[in-house]
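Colleague: Here is a sequence with its predicted model. Questions after.
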Amino acid sequence: MRSKIFPFLAAVLLFSCQESLLPEQTIFQDLSTQEGLTGKADYLGSPFSAAGDRVYLIGHQNGQFPDLGWHVEGEMGGIWLHPIKLMDGFTASLSLGEQTYCLDQAKTFTNFPFSNLHNFPLEGTGIEVERLQFVPDGKEGMTIFFRVKNVDKSEKTVQFQFNAYVDLMPVWLGERTGMIDQADVISFDEMTNTFSAKDEGNPWFVVWGSGEGISLSPQEELTCTYSPKGQGAASGFTVNINLPANSEQIVPIFIAGSTESELKAMSTLADLRKNLESDWFAKKRRYEALAELSEIQIPDAELQKAFQWIRYNTDWLVRDVPGIGRGFGAGLQDYPWWFGVDSEYTIQGLIATGRKDLVYSTLELIHNLSEKENGNGRIVHEVSTNGAVFNPGNINETPQWASTIWEVYRWTGDRDLLEKYFPSIEKGLDWLLRGNDKDGNLLADGYGMMEIHGLKSEMIDVAAYSQKAFADAAKMAEILGKTDLSKSYQQTADALAEKINSDFWVEEFGSYADFIGTAEEALHLIDEAIIRADTLNKPWAVEELKATKAKLSTLPKDQKQGFVLYHNWVVNTPMETGIADPEKAKIALATAKKYTNPFGTFVTGIDRDEQAENEDGSFAGSKSFSYTGAVMTLPTGVSAIGENNYGNPDQALDYLKRMTRSFGFALPGSMYEVSPDYGMFTQAWNMYSFGVPIVRQFFGIQPDAGNKVIYIRPQMPSTWEEASIQKVIIGDNEISLSYVDKSGVLAIEVEQTQSKWGISIEIPEEFSKVKILGKEVSADTQNGYRRILMTGKKVRVEAEK
């Protein structure tokens, strides 16, 4: 038993006397200096994660580990080392005299950027317990700390018990790669004072133990037990703790795993013990650096905080799996693996917030998985962490890949990136139309973002993203010297733009169509839509759909046209991509506002009713997992981007504020996939929904890194008189921007590390009196904006009307 006791009430005195602190004591001391967000009592029975790039833990905020998730039913929580699970969870207890207290009803939960803390005050005992989780970067293990505090004036002796519930099992779709789960066997080694568990049929191991000098007594009789699903096994140990008055003892639990050997797991366990303090501070420094990238100061404190934590959220989702690759998953707890489309959206926000490292590794991963599975340029949709492909790709993902590569090039200027991925873009765009456009009208058939059964005709989002893909591919082809191909791509893009604004526009509804199909196809879908609306008790939608059905019944069955049936969010993609005619965009954006609630945009508009604007509480989801009735962050972000594209930053801000209402609603520091508290409790594409409107649109940063020019055209909400952003990484340059619009004076100042880069500051033409600081290269007026191109370390434009 470790003899050193740390009196927490005398911490300052001990520190001043230069007494050496144990690593775990240093960690708790450092934690008190960090920003933490405390959750709501009502949501202690909901999930959280302690995450690393190799290992993560998912449990409930109250300290329990119930069966969670539906992909592998009841098995998506616990401790994971992808592509295997290590443990379902654990229980812990304290025995004081004849009374045992289970540590499974935390009174508070506090989330920190890279750790989390549960507090268990054992009322009437004079004892308080805190549980802290930490997962270091790049290591196949984690540490859990139990800090037992005697807040009484009398000495106490307590017995601490820890029970590990092992469940070594494969990830979803494991059977496709020969990963067959078998029973687990646990053993204890008295020489090393550690436990070890193995799956009987596989070289999968998990090992655990405590700190040096803490003697573990294995226990056959477990307290505070529970019965998780699976073929796992459980084992416990006790530690006797003597606590003088006003003192504390920290019991660290180190857990490590391996998919290869027990020796490797034991080596990781030793590493965790030896480098505990250095691992903590290395991760702290990395998160501090992460927070500084594209750091904003805006008048809206809650939005500013949400944007900061969304960057942490994305980091929680990084999965690094040996032999397959490194990239961020879509969301926790049920989508920890990789998706093509989720990556394509998220990367556009990530590259604008300085995460080139993660962008490049994820691009490499998605590209390699797609080439291995398809080989024809088609981008995969969903791949488990064992490399098993569930869906080889929806139609929209392939054109979105082209636009993603173009966006990354704009921020990096990396010609090698274009040369590396352009062949896949060529193949993909050929596959898009050659393999999926049966009638040769340039509109590919098949599922887009809306995976509603049967809704796989010529979808509006596929058309909008295809148009943008061909336009972006034309620019890339020109840079790479493929002039004829560039012209061909641009012709296709132009033709698609015309079709979107003619064939897809439905004047009657003031909206772009969900899809183009035959009247027969529409009649089949409308019957299902009526059933859905009726089941959800949406009488207005039933009435509208029946009226539409009556009109369709008069049309020839094979007549093709655009149909508005579901009012799906994807009808806003022409505004998101900026291809909508301005007058149509104005009408469509106004229509889109009808399909919202206080948290944002409905996935499917017919799910809305007249009570929607009052629905500001918990989301009432179905018993089985479903997106029916959902308001989601991605559709809301698309609405915000569309509003900004057509000069409406105030309305864009309204959508961002709606999304921000769900920030910390259930999990402090995070934002659910379905607003405010349903589905994935952390979601990658939130980075798109916030990063693009804030960095690229409000601050107006539009890079052309290939030509070493950065275009700055701020489009701030009218209530934002001052705003700034620091450390925006563009190519080998770094800029900071400040914006002031007060008392009729507009001032925009940009500092950069590469003085020879061009900074083009663009201001509305009505500002006639202009002062310039910096070396002016050129100036002109275009589309109602005065553009001033300058060079220098610091450039500034002041203007008055």
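Modeller: Looks like it arrived, so ask away. Numbers count the residues shown, from 1 in each chain.
Colleague: could you measure Tyr785 against Asn376, distance?
Modeller: 42 Å (Cβ to Cβ, to the nearest Å). Quick note: C-beta positions are derived from backbone N, CA and C, even for glycine.
Colleague: quick one: pLDDT of Leu545?
Modeller: Reported pLDDT at Leu545 in the predicted model: 88.
Colleague: who's in contact with it?
Modeller: 526, 529-530, 533, 565, 606 (Cβ atoms under 8 Å, 6 or more residues apart in numbering).
Colleague: which one among the residues you listed gets closest to Thr177?
Modeller: Ala529 (38.9 Å; Cβ to Cβ).
Colleague: And what about that closest one, helix, strand or coil?
Modeller: Secondary structure assignment for Ala529 (DSSP: H, G, I helix; E, B strand; the rest coil): helix.
Colleague: With only the CA atoms kept, save the host helix or strand of Arg326 in CSV.
Modeller: Using DSSP states H and E, Arg326 sits in strand 325-328. Output of strand 325-328 as CSV, limited to C-alpha atoms (Å, rounded to 0.1, in the frame of the first residue of the first chain):
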residue,chain,number,x,y,z
GLY,A,325,-5.4,4.4,-41.6
ARG,A,326,-6.1,7.6,-39.6
GLY,A,327,-9.2,9.7,-39.9
PHE,A,328,-12.1,11.1,-38.0
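Colleague: partner strands of that strand, parallel or antiparallel?
Modeller: Here strand 325-328 has these sheet partners by DSSP bridges: strand 318-321 (antiparallel).
Colleague: And the helix or strand following the strand holding Arg326, what does it pack against?
Modeller: Sequence order places strand 331-332 as the next helix or strand after strand 325-328, per DSSP H and E. Applying 3 or more Cβ pairs under 8 Å, 6 or more residues apart in numbering; DSSP states H and E, one finds that strand 331-332 contacts strand 47-51, strand 682-683.
Colleague: Give me whichever of the ones you listed is most buried.
Modeller: strand 682-683 (a mean of 28; mean count of other Cβ atoms under 10 Å).
Colleague: what's it packed up against?
Modeller: helix 301-316, strand 331-332.
Colleague: switch the cut-off to 10 Å
Modeller: strand 47-51, helix 301-316, strand 331-332 (3 or more Cβ pairs under 10 Å, 6 or more residues apart in numbering; DSSP states H and E).
Colleague: What is the end-to-end distance of stretch 598-618?
Modeller: 12 Å (Cα to Cα, to the nearest Å).
Colleague: And the helices in the stretch 551-700 of the chain, which stretches?
Modeller: Assigned by DSSP state H, counting those that start in this stretch, the helices in the stretch 551-700 of the chain fall at 573-577, 582-592, 633-645, 649-660, 686-691.
Colleague: got the angle for the fourth one vs helix 301-316?
Modeller: Using axes from the mean of the first three to the mean of the last three Cα atoms, to 10 degrees, the direction of helix 649-660 lies 60 degrees away from that of helix 301-316.
Colleague: if we can go back for a sec, which one of the helices and strands packed on strand 682-683 lies closest to Thr362?
Modeller: Nearest to Thr362, of the helices and strands packed on strand 682-683 and by Cβ to Cβ, is helix 301-316 at 10.5 Å.
Colleague: Now the closest one: buried residues?
Modeller: Residues of helix 301-316 classed as buried: 303-316 (neighbour count, 16 or more other Cβ atoms under 10 Å).
Colleague: Show me what Ile255 is bridged to.
Modeller: Met142, Trp208.
Colleague: mind listing what it touches?
Modeller: 55, 57, 79, 81, 86-87, 90, 135, 140-144, 164, 195, 206-209, 265, 268-269, 272 (Cβ atoms under 10 Å, 6 or more residues apart in numbering).
Colleague: Leaving out sequence neighbours, find the closest residue to the residue most central in space within the chain.
Modeller: Centroid-nearest residue in the chain: Ala684, 1.7 Å away (criterion: Cα atoms, centre = their mean). Spatially, and ignoring its direct neighbours in sequence, Ala684 is nearest to Thr346 (4.4 Å; Cβ to Cβ, 6 or more residues apart in numbering).
Colleague: where's the one you found relative to Pro635, distance?
Modeller: 15 Å.
Colleague: any idea of the mean pLDDT in the helix or strand encompassing Thr100?
Modeller: Using DSSP H and E, Thr100 falls within strand 99-102. For strand 99-102, the mean pLDDT works out to 96.
Colleague: Return the distance of it from the chain's centre.
Modeller: Relative to its chain's centre, strand 99-102 lies at 38 Å (Cα atoms, centre = their mean, to the nearest Å).
Colleague: Just the residues contacting it, thanks.
Modeller: With Cβ under 10 Å, 6+ apart, strand 99-102 has contacts from 63-64, 91-95, 120, 122-125, 127, 129, 158-159, 161, 223-226.
Colleague: can you rerun that using 7 Å?
Modeller: Strand 99-102 is contacted from outside by 91, 93-94, 122, 223-224, using Cβ atoms under 7 Å, 6 or more residues apart in numbering.
Colleague: domain ranges for this structure?
Modeller: Taking automatic domain parsing as the domain assignment, the ranges for the chain are 8-286, 293-514+564-696, 700-800.
Colleague: Kindly provide the distance from Gly435 to Glu521.
Modeller: Taken as Cβ to Cβ, the span from Gly435 to Glu521 is 20 Å.
Colleague: Where does pLDDT dip in the stretch 101-250 of the chain?
Modeller: Within the stretch 101-250 of the chain, no range satisfies pLDDT under 70.
Colleague: Just the strands from it, written as ranges.
Modeller: 108-111, 115-122, 127-134, 141-150, 156-170, 184-189, 194-199, 205-209, 217-219, 233-243, 247-258 (DSSP state E, counting those that start in this stretch).
Colleague: Pro83 versus the residue of the chain most remote from its centre, what's the distance?
Modeller: With Cα atoms, centre = their mean as the measure, the chain has its most outlying C-alpha, relative to the mean C-alpha position, at Ser154: 48.2 Å. Distance, Ser154 to Pro83, using Cβ to Cβ: 51 Å.
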